[in-house]
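Student: predicted model follows, preceded by the sequence.
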Amino acid sequence: MAPEHLVKSFDEELEKLNAWIGQMGGLAEAQLSGALDAIAQRDASIAERVIASDPQIDKIERDVAQHVIRMLALRQPMAVDLRAIVAALKISGVIERIGDYSANLAKRSLVLGQLPPMRSIGGLERLGRLVVGLLKDVLDAFGQNDVEKARQVWLRDEEVDDMYTSLFRELLTYMMEDPRNITPCTHLLFMAKNIERIGDHATNIAEIIHFKVLGVELTEKRPKGDNTLAKVEAR
């Protein structure tokens, strides 16, 4: 058995790593919610705050990477400890991407705010709020090592896909009805795709949690909604 002070020291380092992930997750969740508020309220000041907060997430990701390298080099962890460290590293990268997508939403909201209001904003906001809920749940699952909660997030990916597909078709209809809608709807299409990708990243985190806790991959086929758009986008 390892000396008690070494075990305690390792636990403290792992707790520090998990705290950073929790901090990153909270920032990313706030970023996404803020970007949605900026879109709904056409508020440039909110959008600017979201954009300005992105480097903070990037810095924490770098801190996580450096801490992981140090722990691997000095502790040489195995089994569940190794999975916990690698999971934190992977999740930090996923959260960083979520932050980037949220910042992109905020940037597009600045452009959209200069254009006439679109009625389809409501659909985008509903999609966004659904994904905010999934992100919150999966971050809670990480903090609690709750495999079932993570799996429930993973299963709801289909719901995100279906809502995204519905919004995509709605926006295309507006574009065909009136050419003046093409520019704002194009921005909304990119924004909807960003939100859908954040939903995918939430399910990626759920998969990482499952492996971290149980040591096995999720073997079920990930549920997907209408895949028509996926086929089109792949071309």
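Tutor: Received it, and whenever you're ready, just let me know what you need.
Student: now K136. Nearest residue, chain neighbours left out?
Tutor: The shortest distance from K136 to any residue other than its chain neighbours is 5.9 Å, reached at E29 (Cβ to Cβ, 6 or more residues apart in numbering). (Each C-beta comes from the backbone N, C-alpha and C, glycine too.)
Student: do the same with A35
Tutor: L105 (3.9 Å).
Student: which elements pack onto the host helix or strand of that neighbour?
Tutor: Element membership of L105 [criterion: DSSP states H and E] is helix 79-112. Under the contact definition 3 or more Cβ pairs under 8 Å, 6 or more residues apart in numbering; DSSP states H and E, helix 79-112 sits against helix 4-41, helix 44-75, helix 182-214.
Student: what angle do helix 182-214 and the helix or strand that comes right after that helix make with each other?
Tutor: Reading on from helix 79-112 to the C-terminus, the next helix or strand found by DSSP H and E is helix 121-144. Calculated by axes from the mean of the first three to the mean of the last three Cα atoms, to 10 degrees, helix 121-144 forms an angle of 20 degrees with helix 182-214.
Student: give me the buried positions along helix 121-144.
Tutor: Judged by neighbour count using 16 or more other Cβ atoms under 10 Å, the buried positions of helix 121-144 are 121, 123-124, 127-128, 130-132, 134-139, 141-142.
Student: any idea how far H210 is from D58?
Tutor: According to Cβ to Cβ, to the nearest Å, D58 stands 27 Å off from H210.
Student: likewise for D178?
Tutor: Counting by Cβ to Cβ - D178 and H210 are separated by 46 Å.
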